[in-house]
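**Q** Pasted the sequence and its predicted model underneath.
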Amino acid sequence: DALLTAKEEANKGLEDLYDAENQLVKALPKMAKAASEPQLQQAFEQHLGQTKTHVERIEQIFKTMGSSPKGKSCKAMKGLIEEGEEMIKQRADAAVRDAGLIAAAQRVEHYEIAGYGCVRTYADLLGMADSSALLQQTLNEEGMTDKQLTKLAEQVINLEAER
Ligand code: FE
Ligand code: FE
């Protein structure tokens, strides 16, 4: 077997993220619906919009590379979303459920941050400056979402503690 090249490895990472993002486009509306705190609902809805842009950026990068996603499925994201769904189904106080939803969403963001960091680095190494910049933009948005969720978690938990 031929050794995997950096370009092939970058391609695999992008395919994984492409499927992960598409899974999220379907999951985020359910998470927004399950959230009680209006600010959390809003955060999920806002990130849905960003996530659709993330999908488009990956499509753009594939175009630049002269290839297209081959339908690889991201098992990790499937598992993370399943755990989020378990959280939604649990009988719990609104604030406790919100905190659980935030924890599930942050696991998702951390997974994406790891994945994008990797493909962005490959893009740099391969001299794909435009693709690297697009991936960095997504990486920044995932990072900001993660920080916003941390703030919301503190608010939600404080509200619960005040009762
Ligand atoms: Fe994303
Ligand atoms: Fe995200």
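**A** That came through, no problem. Residues are numbered from 1 along each chain as shown. Ligands and ions are numbered 1, 2, ... in the order given.
**Q** Might one say that T150 is in contact with Q106?
**A** Yes: applying CB atoms under 8 Å, one finds T150 in contact with Q106, separated by 7.3 Å. (Each C-beta comes from the backbone N, C-alpha and C, glycine too.)
**Q** between the two, which one's more packed in?
**A** Set side by side, T150 and Q106 show more neighbours around Q106, with 17 against 11, by other CB atoms under 10 Å.
**Q** How far does the strand or helix carrying that one sit from its chain's centre?
**A** Element membership for Q106 (DSSP states H and E) is helix 94-125. Centroid displacement of helix 94-125 relative to its chain, using CA atoms, centre = their mean, to the nearest Å, is 5 Å.
**Q** Following element in sequence after it, please.
**A** helix 129-162.
**Q** Up against ligand 1, what does this structure have?
**A** T51, H54, E112 (CB under 5 Å from the ion).
**Q** which of these count as buried?
**A** T51, H54, E112 (16 or more other CB atoms under 10 Å).
**Q** for the residue of the chain most remote from its centre, what are its contacts?
**A** Distance from the C-alpha centroid of the chain, by CA atoms, centre = their mean, peaks at D1 (33.0 Å). By CB atoms under 8 Å, 6 or more residues apart in numbering, D1 lies in contact with nothing.
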